[in-house]
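Trainee: Okay, sequence plus prediction incoming.
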Amino acid sequence: MVNIEVRNAYVDFPIFDAKTRSLKKKVLGKVGGKIGTDSRVPIIEALHDITLSLADGDRVGLVGHNGAGKSTLLRLLSGIYEPTRGTSSIRGRVAPVFDLGVGMDQEISGYENIMIRGLYLGMTRKQMEMRVDDIAEFTELGNYLQMPLRTYSTGMRVRLALGVVTSIDPEILLLDEGIGAVDAAFLNKARDRLVDLVKRSGLLVFASHQDDLLLELCTSAIWMDEGHLKMQGPLRDVITAYKGKDPFENIGAETAARLGLDTHSAVKGGDT
Amino acid sequence: MPYFCPPPQPVTFLLVHDTSTTEPQAAGPRARVIPGKSRTWARAFADIRLGLSDRELWSHLGWQDIKQRYRRSVLGPLWITLSMGITAIGLGLLYSQLFGAEIGTFLPYITVGFIVWAFILGCLTEGADTFISNEGLIKHLPAPLTVYALRTTWRLTIMFGHNLIVYFAVLAIFFSDLLGEYKIVETARVFQPGLDWSILLAIPAFLLLLINGVWVSLLLGVVSTRFRDVPQVISALSSLLFFMTPIVWSTDILSARFTDLADAGWRVYIYELNPLYHFIQIIRAPMIGNAQSGHHWLVVGGITIGGWALTLLIMRNYRARVSYWV
């Protein structure tokens, strides 16, 4: 059983500027009495009263404007942030892909980076060695894995990161925007693998601004707005409400067929 | 599956990284079961336990830090050894002449003191930076905080290992001077017994130092993440601490000025009240055949227990806040 239960969760960030993050105010503030409420640390409410429940098989797209709280929500779901108020419970092996630069060493080879990323995700060196051929094949990086990471393009890094997370059979896969940097051919491959992964008892949450990627990977969606969970439901409904237009209107016939849609209406939509 | 079901409570956080039933073989990430609220002892202990079990991760990161620091240099990590050797020899030559001491016995004294000091100083300064310098990782990958403290401590241990080469070189050169009874300085009233099998006591002594290094990194790490002045305070005080601690000088120099130690009065507290002195002494005394005293072990033991108790309290209350603060 894999699931995520979040109930009335708040994520409040204290904002310390250079002055409030020091002992000076705490210590010196004692002299001459309290300055008042303005000495309090300001708080940004990044997530407000989030209640959601995800179970295995769910493939959830996360949409919303910049700063709406998508990344923060992903971090809440991964367990990096524990809610300041409310509850959150995560069952399953979590594999987050948030920032492709983090935990990667520019100077060492792609192969070594695969090892390190695996270690971060709770694997052992032995387990990763068993998977490295599979990853090399999937990422199509081949001999490039011997080269230092600084010689890689963005797309190649995305391939590497996706290769690692999909090879370790995570149960909860959390992807932040940025994987759009890969080419179409690889994306097809990655999609199959991700869908396959989710089918095998998994859960995917994917934040993106690209409708086509969301349509490929997700079935339902969450719309975040200013830290609030504004809408949750089937992907099509949520994107329609968010964008103000049906995302399937401009979809190509090929994609529509792959997604198993009513081809007639989709193609008609594409023609207009 | 024995899943933990949280009772309804106001603030609950449950993180269960579990090996699923569909995958009985050890193919997936290791099992992690962390039940309970955010601010509980159970979560604090679980963080430390899981951190320790991620040995491959922190040992790899610690090594990587060293390799990265000396990448593309010809000598590589041997620079650690070399710079320690130069410092120890330079200080040894200078201070043995200042205090009227035999080079053959005073140089090893300074060498060991300086090696242990390097480790302690690292725990204080790099320990305070533990979470600040791992900001990126903390915000992007869920891992126990203890992993980062162990990364710091392990890196310092590797450096300690490199520095030990200097000790063994010094020991090889001056072995005959250290073997019999000797005085640290000419004026000293007491004789040091010289090297014997009690040198092995240095091993448990270093382990004790290591255990303390972990709590120092955790505690200073959490506090410094919240109050960014703490690392500055530590670095401001570090030079003073170095000279206040009997590293380049010996307590014998102080007591030699008085006919009886009782006459020294408050002056013995210059070093007796300095916790670092006791840590250095439990390692240094066996390594160079100095007289050993049980009270150093008692003080260090007390600090170990007290320090860990305080650290666990801080971990219980503020562990979950660190990712918000970095």
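Mentor: Ah, there it is.

Trainee: Show me which residues of the stretch 101-250 of chain A are close to chain B?
Mentor: A:101-103, A:105, A:107-108, A:115-116, A:119-125, A:127, A:168-171, A:200-201 (Cβ under 8 Å from any Cβ of the partner chain). For glycine as for every other residue, the C-beta is placed from the backbone atoms N, C-alpha and C.

Trainee: make it 6 Å
Mentor: A:Val102, A:Gly103, A:Leu119, A:Tyr120, A:Leu121, A:Gly122, A:Met123, A:Thr124, A:Arg125, A:Asp169, A:Ser201 (Cβ under 6 Å from any Cβ of the partner chain).

Trainee: what would these look like in TSV with secondary structure and distance to B:Gly113?
Mentor: Converted to TSV, those look like this (DSSP: H, G, I helix; E, B strand; the rest coil; distance: Cβ to Cβ, whole Å):
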residue	secondary structure	distance to B:Gly113
A:Val102	coil	39
A:Gly103	coil	38
A:Leu119	helix	36
A:Tyr120	helix	38
A:Leu121	coil	43
A:Gly122	coil	41
A:Met123	coil	42
A:Thr124	coil	39
A:Arg125	helix	38
A:Asp169	coil	52
A:Ser201	coil	58
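
Trainee: residues near the closest residue to A:Gln146 other than its chain neighbours, how many?
Mentor: Of all residues not flanking A:Gln146 in the chain, A:Ser109 sits nearest, at 5.5 Å (Cβ to Cβ, 6 or more residues apart in numbering or on different chains). Neighbourhood size, A:Ser109 [other Cβ atoms under 10 Å in any protein chain shown]: 16.

Trainee: so who does B:Leu201 touch?
Mentor: By Cβ atoms under 6 Å, 6 or more residues apart in numbering or on different chains, the contact set of B:Leu201 is B:Pro286.

Trainee: and it, how far is that from chain A?
Mentor: Per Cβ to the nearest Cβ, to the nearest Å, B:Leu201 is found 35 Å from chain A.

Trainee: next one: B:Ile184
Mentor: 40 Å.

Trainee: any chance you could map the helices in the stretch 1-150 of chain A?
Mentor: Here the stretch 1-150 of chain A has its helices, by DSSP state H, counting those that start in this stretch, at A:23-28, A:70-78, A:110-120, A:125-139.

Trainee: Distance to B:Leu195 for these - can I get that in a markdown table?
Mentor: Shown next, in a markdown table, are the helices of the stretch 1-150 of chain A (distance: least, Cβ to Cβ, whole Å):
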| stretch | distance to B:Leu195 |
| --- | --- |
| helix A:23-28 | 46 |
| helix A:70-78 | 54 |
| helix A:110-120 | 42 |
| helix A:125-139 | 40 |
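
Trainee: Tabulate those (CSV), appending mean neighbour count and mean pLDDT.
Mentor: Listed next are these as CSV, based on neighbours: other Cβ atoms under 10 Å in any protein chain shown; pLDDT from 0 to 100:
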stretch, mean neighbour count, mean pLDDT
helix A:23-28, 13, 56
helix A:70-78, 23, 91
helix A:110-120, 22, 86
helix A:125-139, 16, 88
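
Trainee: per-residue confidence at residue 204?
Mentor: Picking chain A for this. On pLDDT, A:Leu204 comes in at 89.

Trainee: Sorry, I should have been clearer: chain B.
Mentor: pLDDT, B:Pro204: 96.
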